[in-house]
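**Student:** Predicted model, plus sequence, below.
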Amino acid sequence: MERRDYLELMTGQIRCKKMCPVIAKEVEDHIEDQKQAFMAEGMKEEEAEKAAVEEMGDPVEVGVEMDQIHRPKMPWKAIFVIALMQILSGMFAAFFLKQNESYGYIAGIRQIFRLAMAFSVMILVCYMDYSWIGKHARLLAGSYLLFMVLMRHFFVLQINGAARWIGVGGFSVSLSLMSWLFLPLYGAVLYRYRGEGYGAVLKAIVWMLLIAGILITCPDLVMAGTVGLSCVFMLMLALEKGWYQVVVTKVMTGIGISVVGVPVGILAYFFFFGAEYQKSRILAMFAVNKSQMMEGTTLGAVRELLSKCMAVGRATGVEDFWTGDRISSADYMMLGIAGYCGILVMVLCIAIIAGLLCWFLRSALKQKNQLGMMMGFGCVMVLAIQFLLSLMANI
C-alpha cells in the first residue's frame, strides 16, 4: 500500500476532523523515520517505503485507535468534584465574611458570584481546541506580556506605593494573579522550540525573565519568584522529555544552581544596599525568637488561633480572629475551618485538595499529546503553588 493511500484510509476512521491533519502528520513522520532506518540497513528507497508502511499495521485499526484517543471528551468526573468543592468553598467564604463587620453579606454574595463565573469559564475552556495556541504560541505569549505592560502603565492602581492592581471601568483585577495565565502560554512556547539546541533553552529563560521582570516592577517579589519557579519546573520537564538537543544533566545542573543562587543574591543585595526597612524584614525572616515581632501582626493572630484549636469542635475566641481589616476570609479559609470545626476537619479538607491536585498532575503527565501535556502541567503548577502558599499562610 502506498503511503498516501494508507494515510487516507487511516484518517477516514477519525471522527474529529480538526485533528486529522495533525494525526496524519504525526503518522507520516513515523513512517519517514522508519523508512530512513530501513535504508540505513541497506534497503532500497522503494523497498524501505513499503516496509515502513507495512510496519505501521492495519490502517483501519490504527485509525480506530486514534479516534478513541483524540475524540473530544469532557472530564465530567473531575468537573463534578470541582463543582462540589466550589459549592463548599462558597459556603465557607460566605460564612467567614459574615463574621467580619468590614465585609458582611454583600462580600459573601460577591464571592459566590465570582466562583460561579470561574466555573462557567472553566466549562468553556474545556470545549476549546488548544492546538491553535500551540501554532501561535510565541505571538500569543508576547501579546499577553505586552498587554500586562500596558495595563501596568495606563490602568494601575497605586496602593501604598505598590502597583499590583489595575482598574478598568470600576472593576479592579490583580495584575500579579493575571501572571498565572502566562504559564499555559509558556508551556506552548516550550513546545514550539522542540528539536532545537541550546538556543531554545536560552530563549525559554528569556521568556521566563520577562514575566518575572514585569512582576518585580509592581513590585511583587513573591509572585515573581513563584511564577519564575513554575517556569523552571516546566523547562526541566521539557528537558527530561528530551525536547531539546542538549546535554540534559549539565543544563539541569546549571538551572538548579541558578534557582538557589538568584534568590540568595537578591537577599544579599537588599541586605547590604537596600533601605533600612528591607534589612529589618530580612532579619525578621531569619530571626529565631519572633514572639515580640509577631505581636499585633496577622502572623501573631494566626498562631494565637492555632494554639486554641481543638482536634474537633469550636475554638475559644475564634470570632475575634475575623475582626479588623487585616484578615481576609479568602486567605485564611483553612484556619477558619480549624477554628470552627476542628483541626481534623481542616486536615481532611487539605487532603482532599492535595489528592485532587495529584489527580490533575497524573492526568496531565499521562497525556500522549505533548502540547496538551505541557500546558496541562503548567495549569497544575498554578493550582499547586497557590495551594501551597495559602497552606503556609494558614499554618
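**Tutor:** Everything's here; your move.

**Student:** what packs against the helix or strand harbouring Met122?
**Tutor:** Element membership for Met122, per DSSP states H and E: helix 104-126. The helices and strands touching helix 104-126, judged by 3 or more CB pairs under 8 Å, 6 or more residues apart in numbering; DSSP states H and E, are helix 76-99. To be clear about C-beta, it is placed using only N, CA and C from the backbone, and glycine gets the same treatment.

**Student:** and the helix it packs on with helix 104-126, angle?
**Tutor:** Here helix 76-99 runs at 160 degrees with respect to helix 104-126, directions being taken by axes from the mean of the first three to the mean of the last three CA atoms, to 10 degrees.

**Student:** Phe93 - how many residues pack around it?
**Tutor:** No, residue 93 isn't Phe; it's Ala. Using other CB atoms under 10 Å, Ala93 has 23 neighbouring residues.

**Student:** Now do it, the pLDDT please.
**Tutor:** On pLDDT, Ala93 comes in at 70.

**Student:** Phi and psi next, for Gly197.
**Tutor:** phi -100, psi -140 (degrees, to the nearest 10).

**Student:** for it, what are its contacts?
**Tutor:** Tyr244, Gln245, Val246 (CB atoms under 8 Å, 6 or more residues apart in numbering).

**Student:** and the residue lying closest to Met1 once chain neighbours are set aside, how many residues sit next to it?
**Tutor:** If the residues on either side of it in the chain are set aside, Met1 comes closest to Val53, at 5.7 Å by CB to CB, 6 or more residues apart in numbering. Other residues near Val53 come to 20 when the count uses other CB under 10 Å.

**Student:** cool, Asp331 as well?
**Tutor:** 16.

**Student:** Please report the distance of it from Ala301.
**Tutor:** Asp331 sits 12 Å away from Ala301, taking CB to CB, to the nearest Å as the criterion.

**Student:** Select only the buried ones of the contacts of Gly197 in PyMOL?
**Tutor:** A single PyMOL command selects the buried members of the contacts of Gly197 (16 or more other CB atoms under 10 Å):
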select buried, resi 244+246
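
**Student:** any chance of the contacts of Gly197 in CSV, with distance to Pro219, pLDDT and secondary structure too?
**Tutor:** Shown next, in CSV, are the contacts of Gly197 (distance: CB to CB, whole Å; pLDDT from 0 to 100; DSSP: H, G, I helix; E, B strand; the rest coil):
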residue, distance to Pro219, pLDDT, secondary structure
Tyr244, 32, 91, coil
Gln245, 37, 90, coil
Val246, 33, 90, coil
